[in-house]
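1. Mind looking at a prediction? Sequence and model below.
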Amino acid sequence: MASPAKGRFLSASVAVLILLIAQQVDAVPRPLKARAERKKKAAAVAEQMKEMKKNGVDIVSNDRQSALLRSYELRKKKTRGILRKREKSLSSILFPGVSPEEYQNGEQIPVYVDLVESRKTQVPFEYYDLPSCAAPPKEKVKGYRKSLGNRLSGHAVRPGPFDLRAGEDKHCTTMCAVSIGGKKLKWMRQLVERQYRVHLQLDQLPVLMRSKELNYAVRGYPVGFKAPPSYTGLREDEYYLYNHLKFTISYREDPPQFDGVRITGFDVHPV
């Protein structure tokens, strides 16, 4: 008599276990439900806009239906960044560099290097022709969207070796050590003599050297400077290269209007 009772007890346990498993399988997580509801709602809106187009509603009129259709078409043309997962406006896609861009705290702000140019000569050089640190790997740099001016000039800027992040102060850091000698040293003296300047960009803004006391601001910073004998006390001119850069980045915060920070200025003080 004991064995049938034992069998019934095991069968009941198995039935309860199967019931619990079935309940867990049937339960759909809330995020999946919300996502499915959003997709369903978006599909319904798309169908509604499609019907409005069939009925002859355009996007240029001033009535309510045209305004709804315009708003829907603009939302469709917005894209979402792959890495940062945030929306970009249509103007920032069509006209890069014109529309402001927001950066979150700790997010890398890429610095791009431009040509090394001089007003005394028409021969420009690439930044990495100078004895500088190596360029960062391509996979660590965000893609650069050319503005209209970049496309017309035909010059492509390259990512710089600097690591700057939004909302973070960075103390003096040694980036690399480079030895100069022979022909390279003689060429660098010529660059200093001809007043070549290095140009950088951050968030489509050019780097500026400015002085409030002297009331001036110029683009780029010089490769170096020449000190006359009256300054050094030597018999000949001495040439100095700027190998220490102090960057000052101005930014703006406005939580009601946008998230993160917007870059408003990019200054350099060479030492």
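-> Nice, I can see it.

2. Strands of this protein, start to end?
-> Here the chain has its strands, by DSSP state E, at 79-80, 87-88, 102-103, 111-117, 158-159, 197-202, 205-206, 208-211, 216-219, 221-222, 224-227, 238-241, 245-252, 261-270.

3. Dump those into CSV; add distance to D63, mean neighbour count and mean pLDDT as well.
-> Every C-beta, even on glycine, is put in place using the N, C-alpha and C of the backbone. Written out in CSV, the entries for those read as follows (distance: least, Cβ to Cβ, whole Å; neighbours: other Cβ atoms under 10 Å; pLDDT from 0 to 100):
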stretch, distance to D63, mean neighbour count, mean pLDDT
strand 79-80, 29, 10, 44
strand 87-88, 27, 14, 53
strand 102-103, 34, 18, 88
strand 111-117, 46, 20, 91
strand 158-159, 49, 16, 88
strand 197-202, 45, 20, 94
strand 205-206, 42, 14, 90
strand 208-211, 49, 14, 90
strand 216-219, 49, 12, 89
strand 221-222, 56, 18, 95
strand 224-227, 65, 15, 92
strand 238-241, 66, 15, 91
strand 245-252, 38, 14, 92
strand 261-270, 36, 17, 92
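
4. For E107, see how far away V157 is.
-> Using Cβ to Cβ, to the nearest Å, we find V157 at a distance of 20 Å from E107.

5. again with G233
-> 49 Å.

6. Neighbour count: these two, which is higher?
-> E107 (16 against 8; other Cβ atoms under 10 Å).

7. Excluding chain neighbours, what is closest to the more buried one?
-> Leaving aside its sequence neighbours, E107 sits nearest to A166 (Cβ to Cβ, 6 or more residues apart in numbering; 5.0 Å).

8. What about the one you found, how many residues nearby?
-> A166: 18 neighbours (other Cβ under 10 Å).

9. contacting residues for it?
-> A166 sits next to 103-107, 109, 251, 260-261 when contact means Cβ atoms under 8 Å, 6 or more residues apart in numbering.

10. ok, so of those, who is nearest R194?
-> I109 (31.5 Å; Cβ to Cβ).

11. So what's the residue count around that closest one?
-> A count of nearby residues for I109, using other Cβ under 10 Å, gives 21.

12. In this structure it contacts Q201, no?
-> No - I109 is not in contact with Q201 according to Cβ atoms under 8 Å; the separation is 10.9 Å.

13. Name the helix or strand of this structure that has the lowest mean pLDDT.
-> When the helices and strands of the chain are scored by mean pLDDT, DSSP states H and E, helix 2-26 comes last with a mean of 40.

14. as a whole number, average confidence for stretch 64-76?
-> For stretch 64-76, mean pLDDT rounds to 75.

15. how far out from the middle of the chain is that stretch?
-> Chain-centre distance of stretch 64-76: 29 Å, with Cα atoms, centre = their mean, to the nearest Å.

16. Mind listing what's buried along it?
-> 68-69 (16 or more other Cβ atoms under 10 Å).

17. Then stretch 161-175?
-> Within stretch 161-175, the residues that count as buried by 16+ other Cβ under 10 Å are 162, 166.

18. what's the straight distance from one end of that stretch to the other?
-> End-to-end distance for stretch 161-175, by Cα to Cα, to the nearest Å: 8 Å.

19. Stretch 242-258 now?
-> 38 Å.

20. show me what contacts the residue nearest to the spatial centre of the chain?
-> Centroid-nearest residue in the chain, with Cα atoms, centre = their mean: I109, separated by 5.2 Å. I109 is in contact with 103, 164-166, 202-203, 249, 263, counting by Cβ under 8 Å, 6+ apart.

21. Thank you kindly, that will do.
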